[in-house]
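Asker: No letters, just coordinates:
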């Protein structure tokens, strides 16, 4: 694990901060903005429909539109709640990853100080870096027990 970068260790890929992290955050922000825009738009449409004079052909759609808004309110509230929970969970995960990286770096540094010049012994304290297998797995049929 240490052999690729002399003088520093390599973190496992499960803890790396990939560029996708900020892209995910931007995507979540865009979805949240869309939810807010839809709610504002429905309010403006309702106001405009109510301002129309009696007998206007669009007033036929007002009761149906009000029903749709009422039906949309509960899922919208659930979506907002789920987005808040997701954001809170993301903060917890990010904090945990940062703490893990800090501890990992501290342990690797302590091992380098305790055992200078013994790179293979230092590496033995860490799991080897694993890569996904490129071989296709063949599954054997399972015979049911009667």
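Answerer: Cool, got the structure. All of these numbers come straight from a predicted model, not from anything done at the bench. Numbering: from 1, shown residues only.
Asker: can we go C-alpha only for contacts and neighbour counts from here?
Answerer: OK.
Asker: Please identify the helix or strand for residue 62.
Answerer: Under the assignment given by DSSP states H and E, the secondary-structure element containing residue 62 is helix 62-114.
Asker: That helix - what's its average pLDDT?
Answerer: For helix 62-114, the per-residue pLDDT values average out at 88.
Asker: just stretch 30-46 next, same as before
Answerer: If you average the pLDDT over stretch 30-46, you get 73.
Asker: any idea which helix or strand comes after the helix holding residue 62?
Answerer: For helix 62-114, the succeeding helix or strand toward the C-terminus, using DSSP H and E, is helix 119-123.
Asker: Could you name the helices and strands sitting against that next one?
Answerer: Judged by 3 or more Cα pairs under 8 Å, 6 or more residues apart in numbering; DSSP states H and E, the packing partners of helix 119-123 are helix 62-114.
Asker: list the helices and strands the helix it packs on packs on?
Answerer: Helix 62-114 is packed against helix 20-51, helix 119-123, with contacts defined by 3+ Cα pairs under 8 Å, 6+ apart.
Asker: go with 7 Å
Answerer: Using 3 or more Cα pairs under 7 Å, 6 or more residues apart in numbering; DSSP states H and E as the contact test, no helix or strand touches helix 62-114.
Asker: Could you report the neighbour count for residue 108?
Answerer: The number of residues packed around residue 108, counting by other Cα atoms under 10 Å, is 20.
Asker: Pull up the gap between it and residue 125, please.
Answerer: Spatial separation of residue 108 from residue 125 under the definition Cα to Cα, to the nearest Å is 9 Å.
Asker: Distance of the closest residue in space to residue 69 that isn't next to it in sequence relative to residue 58?
Answerer: The shortest distance from residue 69 to any residue that is not its chain neighbour, by Cα to Cα, 6 or more residues apart in numbering, is 7.3 Å, and that residue is residue 42. When distance is defined by Cα to Cα, residue 42 is 15 Å away from residue 58.
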